[in-house]
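Participant: The following comprises the amino acid sequence and a computationally predicted model.
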Number of protein chains: 2
Amino acid sequence: MLTISHRGTEMPASPIRKLVPYAEAAKKKGTKVYHLNIGQPDIETPPSIMDAVRQCKLPVLEYSHSAGNESYRRKLVEYYAKNNIHITHNDIIVTAGGSEAILFGFMACLDAGDEVIIPEPFYANYNGFAIQADVVVKPIRSNIETGFALPPIEDFEKAITPRTRAIVVCNPNNPTGYLYSRAEMETLKEIVLKHNLFLFADEAYREFCYNGEHTSAMHLTGAEQHVVLMDTISKRYSACGGRIGAFITKNKQVLDAAMKFAQARLSPPYFAQILGEAAVDLPDNYFDAIKAEYERRRNILVERLNAMPGVFCPNPGGAFYAMAKLPIDDCDAFCQWLLERFEHNGATLMLAPATGFYSTPGLGLQEVRLAYVLNTDAIHAAMDCLEAALKVYPGRKN
Amino acid sequence: MLTISHRGTEMPASPIRKLVPYAEAAKKKGTKVYHLNIGQPDIETPPSIMDAVRQCKLPVLEYSHSAGNESYRRKLVEYYAKNNIHITHNDIIVTAGGSEAILFGFMACLDAGDEVIIPEPFYANYNGFAIQADVVVKPIRSNIETGFALPPIEDFEKAITPRTRAIVVCNPNNPTGYLYSRAEMETLKEIVLKHNLFLFADEAYREFCYNGEHTSAMHLTGAEQHVVLMDTISKRYSACGGRIGAFITKNKQVLDAAMKFAQARLSPPYFAQILGEAAVDLPDNYFDAIKAEYERRRNILVERLNAMPGVFCPNPGGAFYAMAKLPIDDCDAFCQWLLERFEHNGATLMLAPATGFYSTPGLGLQEVRLAYVLNTDAIHAAMDCLEAALKVYPGRKN
């Protein structure tokens, strides 16, 4: 009997995947499902950047440079300069989404059995990339009580072993929406310098900061050789399907190593590089209306949640996610129950159980992630459902 | 001092990369360089399929399904049926190029330290994917004297150990252009059934067969659970930059495991899926003119090569590569010398040294790979250069 690999077995399925059949069944019986479970923005992709693709005149859809088209990389330099990140086009490898940038980072900087520290809850797919790279994730806990602030420096130091090679920071954070302060980023700098670690910075949501400024890991003076920025245009321009990201570092040795992984897969997707290049020329106020819209949604969501008895939702400073603690026994059971057994005015909602974002078994049982990627009317309707659901859920537990 | 990973160090650079600075320097001093070193076809991407992208009306460039858009997968079923490969859309995961399909195969079927047998010379990037997956490549030698036919069954059996999990076959072959016969494919089937191995079939050049029919690994009755097809539209439609491939298997366990890797990276690129979907509706005679053109080029190339004293080039049955044995001391030195020290009527040529395609050190020293991706005039001019070069190359050796 042929068998698959152990890593193929260990590889986690998407934490919400097991709920999909229940959502489909709910829709089949006519229930409206509000999807607060996914990070797919409903914001229109700017028509001008879609037009750049529509107008492309390539006679041959050739491989681009393995690091991405030079014209795109030069344009990205302008984008980053506007964000006070000063690099050259030679510091950039264009990747197939932020996903590939993360995988390149793990592969280029860590060997099998090496350890990476990540504050949990964290973006679930880091686990998948870690398994691909045979890297061990060492979670340290951030808490809903502090709004998921950076764990104290002692917690990092307790987790550091001779195999520790890197820390991952996602800022603003998915799934918590937490926006790390300048001081917290400086703390991370101190740790990586002291213990000689890489700092992998996932800044997919850089533009979506509502309370305060974004501090990029690339702003940390003196940590240039330690920082790898893993970026993507997916959320920034509502261009998730383009699969364009970037791997950026001033550490030449790391860049050269990552470049070999980039060469093996030949090139990043061409069309979305055209889109990304055009996006840098969007007017500087492009994000204003979008940020205002997300902030409106966040405010409604957080206010509605905290008005429900037994519910606590810290106010997230960025991204478009919120984590809430609910008066329930088990978030997986609850999320399934919402789809399978509940409706309110012909509707229900789909949430992401927080257990999928924690690495430590047993954590996050009472928490869920909500993505505010729906318009305010839909968010109100979804909150009406949740409020009603919590009143009748048989596993209610305060 | 921060250091990169061992695998980052071990990861091979592209075998032609070290020659690129010499090609650039040659061009800078005004020498025309004929590029026979790369597999980037000069054939126009069919305008109708580029138009399908140009006309796309998506308001939001959303993630596609992690397995690829269902409409594209259903269309692919039609394409494969025309090639006598009978699958359903649920047997397909759309990937970011053939590259990602190969990586998914290694990851889903092999664990660290497991072995994969590949007849050498082979596509150099298999080494890169093997290092990423921490898989050991066991080469068995195919010979230029036999035109790189499948090595005898005993050679496979000698190479098989308890860690052997798979065989890779690239048909028609890159870099050799060899087209495996039905009988050879049946031999592979026999081996994988007897020893319980996976058969990874890279069929990127399926349409480009000049001497005889293509036998797909998916045609091997009784081996359905063993075969994984790793495909790409890059060469088929001259759409290398799209980065769209496919991972196809009837082995449900393998597909489910690969699907988890696909979910981790969220989705394949969207735009080129539109292009790939449109491509299935190209007229059935679309490949006729292209094949005729490649065959013309091949015939000129092979005839010119074999007319040069001391040169031997077996006639490749498919793809758009030929391997030639030259009367030289060292192909790496020769290819560099061509760019650095030689010109003929203001021109020279760039070739791929065969050493990069052999895994066993010391093999392929007198061989080079030539990609006939230039028009016939350019091929003649390049062959004029090569002929002149071999007369004066200081490292000539018969």
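Facilitator: Happy to help now that I have it. What you see is a predicted model, and the numbers here were worked out from it, not measured in a lab.

Participant: Whether stretch A:33-49 contacts chain B - can you check?
Facilitator: Yes - using CB under 8 Å from any CB of the partner chain, stretch A:33-49 reaches chain B at A:40-45. From N, CA and C alone the C-beta is placed, and that goes for glycine too.

Participant: my bad, should have said stretch A:177-191
Facilitator: No - if you take CB under 8 Å from any CB as the test, stretch A:177-191 misses chain B, and the best it gets is 13.6 Å.

Participant: measure stretch A:6-24 end to end?
Facilitator: Taking CA to CA, to the nearest Å, stretch A:6-24 runs 31 Å from one end to the other.

Participant: Residues contacting that stretch, please?
Facilitator: Contact partners of stretch A:6-24, identified using CB atoms under 8 Å, 6 or more residues apart in numbering or on different chains, comprise A:33, A:35, A:37-38, A:124, A:127-128, A:131-132, A:134, A:335-336, A:339-340, A:350, A:352-353, A:355-357, B:66, B:107-109, B:111-112, B:254, B:257-258, B:260-261, B:263-264.

Participant: Of the residues of stretch A:33-49 next to chain B, which pair is most distant in space?
Facilitator: Using CB to CB, the residues of stretch A:33-49 next to chain B span at most 12.8 Å, a distance reached by A:40 and A:44.

Participant: which helices and strands does the lengthiest helix in chain A pack with?
Facilitator: Ranked by residue count, the top helix of chain A under DSSP state H comes out as helix A:286-306. Where contact means 3 or more CB pairs under 8 Å, 6 or more residues apart in numbering or on different chains; DSSP states H and E, helix A:286-306 is packed against strand A:321-325, helix A:376-392.

Participant: Give me the domain ranges for chain A.
Facilitator: Domains of chain A are assigned by automatic domain parsing as A:6-44+A:286-392, A:47-279.

Participant: related to what we said a few turns ago, among the contacts of stretch A:6-24, which lie within strands?
Facilitator: A:33, A:35, A:350, A:352-353 (DSSP state E).

Participant: Only the C-alpha atoms, please, for the host helix or strand of residue A:105, written as CSV.
Facilitator: Here residue A:105 sits within helix A:97-109, counting by DSSP states H and E. The C-alpha trace of helix A:97-109 is given here as CSV (Å, rounded to 0.1, in the frame of the first residue of the first chain):
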residue,chain,number,x,y,z
GLY,A,97,1.9,36.2,-2.5
GLY,A,98,3.1,36.8,1.1
SER,A,99,2.9,33.0,1.5
GLU,A,100,5.9,32.4,-0.7
ALA,A,101,7.8,35.1,1.0
ILE,A,102,7.2,33.4,4.4
LEU,A,103,8.2,30.0,3.0
PHE,A,104,11.4,31.5,1.5
GLY,A,105,12.3,33.0,4.8
PHE,A,106,11.9,29.8,6.7
MET,A,107,13.8,27.9,4.1
ALA,A,108,16.7,30.4,3.7
CYS,A,109,17.2,31.1,7.4
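
Participant: Taking their axis directions, it and helix B:97-109 sit at what angle?
Facilitator: Interaxial angle, helix A:97-109 versus helix B:97-109 (axes from the mean of the first three to the mean of the last three CA atoms, to 10 degrees): 60 degrees.

Participant: Which strands or helices does helix A:97-109 pack on?
Facilitator: strand A:92-95, helix A:125-133, strand A:164-170, strand A:198-202, strand A:227-232, strand A:245-249, helix A:252-264, helix B:6-10.

Participant: Now that we have these, can you turn them into JSON lines and tack on mean neighbour count, mean pLDDT and distance to residue B:225?
Facilitator: Converted to JSON lines, the helices and strands packed on helix A:97-109 look like this (neighbours: other CB atoms under 10 Å in any protein chain shown; pLDDT from 0 to 100; distance: least, CB to CB, whole Å):
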{"stretch": "strand A:92-95", "mean neighbour count": "27", "mean pLDDT": "98", "distance to residue B:225": "34"}
{"stretch": "helix A:125-133", "mean neighbour count": "23", "mean pLDDT": "95", "distance to residue B:225": "24"}
{"stretch": "strand A:164-170", "mean neighbour count": "23", "mean pLDDT": "98", "distance to residue B:225": "38"}
{"stretch": "strand A:198-202", "mean neighbour count": "26", "mean pLDDT": "98", "distance to residue B:225": "39"}
{"stretch": "strand A:227-232", "mean neighbour count": "27", "mean pLDDT": "98", "distance to residue B:225": "37"}
{"stretch": "strand A:245-249", "mean neighbour count": "28", "mean pLDDT": "98", "distance to residue B:225": "36"}
{"stretch": "helix A:252-264", "mean neighbour count": "22", "mean pLDDT": "96", "distance to residue B:225": "28"}
{"stretch": "helix B:6-10", "mean neighbour count": "17", "mean pLDDT": "94", "distance to residue B:225": "31"}
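
Participant: Mind telling me which residue of the stretch 51-200 of chain A is nearest chain B?
Facilitator: Distance from chain B to each residue of the stretch 51-200 of chain A (CB to the nearest CB) is smallest for residue A:128, at 3.1 Å.

Participant: Leaving out sequence neighbours, find the closest residue to that residue.
Facilitator: Take residue A:128 and drop its neighbours on the chain: the residue closest to it by CB to CB, 6 or more residues apart in numbering or on different chains is residue B:264, 3.1 Å away.

Participant: Residues of the stretch 151-300 of chain A that sit close to chain B?
Facilitator: A:196-198, A:225-226, A:238-243, A:251, A:253-254, A:257-258, A:260-261, A:263-272, A:275.

Participant: cutoff 6 Å now
Facilitator: Residues of the stretch 151-300 of chain A lying close to chain B (CB under 6 Å from any CB of the partner chain) are A:196, A:238-243, A:253-254, A:257, A:260, A:263-265, A:269-271.

Participant: Quick one: residues contacting the spatially most central residue of chain A.
Facilitator: Nearest to the mean C-alpha position of chain A, counting by CA atoms, centre = their mean, stands residue A:174 at 4.2 Å. Listed by CB atoms under 6 Å, 6 or more residues apart in numbering or on different chains, the contact partners of residue A:174 are A:123, A:319, A:321.
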